[in-house]
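Undergrad: This is a predicted model, with the sequence first.
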Amino acid sequence: MAGEATFATRDVPAYTVFVLYGGMLLTNDQFQDFREEQEKQFKDRKWHRDNPEATALWMYRHSLGKCDMKIEIPPEFGPTSKYQGTLGHKVNHVFEPNSKYIQVDSARFGIVNAVMTNQEIKKDQEYFASYGYNVRDGPKWYRDLFRVYALKNPDKVKKATLAELEEFEKKITQDLPENQFFNSNVGQLDAQKSGDDEVESNSQASTPK
């Protein structure tokens with residue numbers, strides 16, 4: 001939801017866990033069932049790959065580290081007015097973040113993701129994390145930010161990654177007219193936040209949640 005973010009209410013030391021990131025925990029089998037239902041929505045509604053409604057289906061999806069599970073928050077529960085059990089999904093993205101995703105064993109939810117500072121944060125400063133999407137599978141806003149970041153920081157981005165992105169953008173532009181839905185849903189529906197970096201050293205350009 002645009003306009004929502006996370007800010008420090010006081011000075012926070014480095015390596016401090018400040019918020020959990022939980023939701024529906026899905027095993028691989030459960031996720032496949034979930035994914036098939038979403039794929040049906042793609043086809044029934046004839047969504048283009050970058051349709052905002054399509055992207056909203058998985059915008060809060062996150063891998064759960066090495067647990068081989070997914071965290072899923074349905075889009076209708078994205079706003080804090082609908083869901084406040086955990087608020088990690090409200091941390092915005094940058095490629096050079098001041099925080100990172102980790103896994104913790106919480107008292108209430110069991111093993112979930114959390115967000116931990118990787119540097120000192122001052123009062124009223126916004127928290128940021130790197131979403132770590134595969135650059136081709138990520139939403140359009142992520143691909144656009146990555147391209148801007150790569151142009152400004154050529155020494156921090158692998159040339160092959162940028163070339164791969166350009167080739168991918170060219171392909172979907174040629175193969176998918178604006179009014180055509182995305183037939184090959186593998187990349188789109190398998191996209192998830194991972195916290196893994198596409199840059200060698202994690203711009204302050206961000207997207208609001």
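TA: All right, it came through fine.

Undergrad: how about the helices of this protein, start to end?
TA: Secondary structure of the chain, counting by DSSP state H: helices at 28-45, 52-56, 140-152, 159-175, 186-190.

Undergrad: Now do the buried residues in the second one.
TA: It stands for helix 52-56. Buried positions in helix 52-56, judged by neighbour count with 16 or more other CB atoms under 10 Å: 54-55. The way it works is simple: take the backbone N, C-alpha and C, and place the C-beta from them, glycine included.

Undergrad: got it, and the first one?
TA: Judged by neighbour count (16+ other CB under 10 Å), helix 28-45 contains these buried residues: 31, 34-35, 39, 42.

Undergrad: again, but for the fourth one
TA: Within helix 159-175, the residues scored as buried using 16+ other CB under 10 Å are 161-162, 165, 172.

Undergrad: Same question for the third one.
TA: Of all the residues in helix 140-152, those buried under the rule 16+ other CB under 10 Å are 141-143, 145-147, 149-150.

Undergrad: For residue 55, state which of those residues is nearest.
TA: Here the nearest of the buried residues of helix 140-152 to residue 55, counting by CB to CB, is residue 141; it sits at 8.4 Å.

Undergrad: Name the helix or strand of the chain that has the lowest mean pLDDT.
TA: Every helix and strand in the chain was compared by mean pLDDT, DSSP states H and E; the lowest is helix 186-190, with a mean of 46.

Undergrad: could I get stretch 20-40 in PDB with only the CA atoms?
TA: Extracted in PDB, the C-alpha atoms of stretch 20-40 (Å, rounded to 0.1, in the frame of the first residue of the first chain):
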ATOM      1  CA  LEU A  20       9.000  -9.800  12.300                       C
ATOM      2  CA  TYR A  21       7.900 -10.800   8.800                       C
ATOM      3  CA  GLY A  22       5.200 -13.500   9.100                       C
ATOM      4  CA  GLY A  23       2.000 -14.600   7.400                       C
ATOM      5  CA  MET A  24       0.700 -17.800   5.900                       C
ATOM      6  CA  LEU A  25       3.400 -20.500   6.000                       C
ATOM      7  CA  LEU A  26       3.200 -22.700   3.000                       C
ATOM      8  CA  THR A  27       5.100 -26.000   2.300                       C
ATOM      9  CA  ASN A  28       6.100 -26.700  -1.300                       C
ATOM     10  CA  ASP A  29       3.000 -28.800  -1.900                       C
ATOM     11  CA  GLN A  30       0.800 -26.100  -0.400                       C
ATOM     12  CA  PHE A  31       2.500 -23.400  -2.400                       C
ATOM     13  CA  GLN A  32       2.000 -25.400  -5.700                       C
ATOM     14  CA  ASP A  33      -1.800 -25.500  -5.000                       C
ATOM     15  CA  PHE A  34      -1.700 -21.800  -4.200                       C
ATOM     16  CA  ARG A  35       0.300 -21.000  -7.300                       C
ATOM     17  CA  GLU A  36      -2.000 -23.000  -9.600                       C
ATOM     18  CA  GLU A  37      -5.000 -21.000  -8.400                       C
ATOM     19  CA  GLN A  38      -3.100 -17.800  -9.100                       C
ATOM     20  CA  GLU A  39      -2.100 -19.000 -12.500                       C
ATOM     21  CA  LYS A  40      -5.800 -19.600 -13.300                       C
END
